[in-house]
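Undergrad: Give me a model of this one.
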Amino acid sequence: MPHHHATTRTRLTTATASVIAALCFAATDPHAPVPQAKVDSIEFETTCRLPVYKPRPEHEPVRRFVEPKLKTVPEGMLVVGALALGAEQFGLTDTQAAELNQALVDTYQHIGNDPAFAGVPTALDRRLSQDAQRPGHYLLYRPAELRDPHPTLVFLHGFGGNFQFYTWALKTAFPDHVILTPSWASAGTRARRSTSTRCAPTPSDA
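TA: Modelled structure (predicted):
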């Protein structure tokens, strides 16, 4: 009997050691998936009529340049090209246009090198859409580690197209926050009048 108990204890000790070793290996396994910060493009159904873009006549050349390329050309190239084409119409001096152009080129290079933005499509098509019944949309940045409760930042901006550099700049400044940037939140007075709780996603969507 004593020998039996000793054998049983030995087996239990060996099994426990094996489990602990396996857990330690899993914790240090370089091939185990590691949580990563991520930006997602999220669409949701809404009963709210969203803003419809009506360009000024002097901005029509910019719209005609951008709109056909929205699905095929990276956002950074579109924005830089639109600036080059419409600097005068936007009221920029040559110096201002050159400085803004360089800032945009640098910023979109950072975005292109940021793994969190990999595969994120542009939202500029939502600014140019003529469909007031289109789905709502926002960009959502999630840091690698989430806490409960987690600090959250909602950015209501003044342009319905939702440039990617909004979210990139905010995540750079607040990397530990959840960041939500709606694509239609305050695109002028008309948009502000139409914004209501009906336009927002349900908590489960976020």
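
Undergrad: can you give me the strands in this structure?
TA: 38-44, 136-142, 152-154, 178-182 (DSSP state E).

Undergrad: any idea of the mean pLDDT for the shortest one?
TA: For strand 152-154, the mean per-residue pLDDT is 95.

Undergrad: Neighbouring strands - and their directions - for it?
TA: When sheet partners are counted by DSSP bridges, strand 152-154 sits next to strand 178-182 (parallel).

Undergrad: Which positions in the partner strand come out as buried?
TA: For strand 178-182, the neighbour count (16 or more other C-beta atoms under 10 Å) marks 178-182 as buried. No exception for glycine: its C-beta is placed from N, CA and C like everyone else's.

Undergrad: could you dump the strands of the chain to JSON lines with distance to Arg56?
TA: Shown next, in JSON lines, are these (distance: least, C-beta to C-beta, whole Å):
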{"stretch": "strand 38-44", "distance to Arg56": "28"}
{"stretch": "strand 136-142", "distance to Arg56": "24"}
{"stretch": "strand 152-154", "distance to Arg56": "29"}
{"stretch": "strand 178-182", "distance to Arg56": "24"}
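
Undergrad: These: which one's closest to Ala118?
TA: Smallest distance to Ala118 across those (C-beta to C-beta): 8.6 Å, for strand 38-44.

Undergrad: returning to what we had before: columns distance to Leu146 on top of the buried residues of strand 178-182, output as TSV?
TA: Formatted as TSV, the buried residues of strand 178-182 follow (distance: C-beta to C-beta, whole Å):
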residue	distance to Leu146
Val178	7
Ile179	13
Leu180	14
Thr181	18
Pro182	21
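
Undergrad: Find the nearest non-adjacent residue to Arg134, please.
TA: Leu50 (5.9 Å; C-beta to C-beta, 6 or more residues apart in numbering).

Undergrad: Tell me how far the one you found lies from Leu78.
TA: Distance, Leu50 to Leu78, using C-beta to C-beta, to the nearest Å: 21 Å.

Undergrad: just Lys54 next, same as before
TA: Remark: distance between Lys54 and Leu78 (C-beta to C-beta) = 20 Å.

Undergrad: Tell me which of these two has more neighbours.
TA: Using other C-beta atoms under 10 Å as the criterion, Lys54 and Leu78 rank with Leu78 on top: 20 against 8.

Undergrad: you'd agree the more buried one is up against Arg127?
TA: No. Using C-beta atoms under 8 Å, Leu78 is not in contact with Arg127; the gap is 11.4 Å.

Undergrad: shaky segments in this structure?
TA: Residue ranges of the chain with pLDDT under 70: 1-33, 158-161, 185-206.

Undergrad: At which residues are the helices of this protein located?
TA: 2-28, 60-66, 75-86, 94-112, 124-128, 164-173, 189-194 (DSSP state H).
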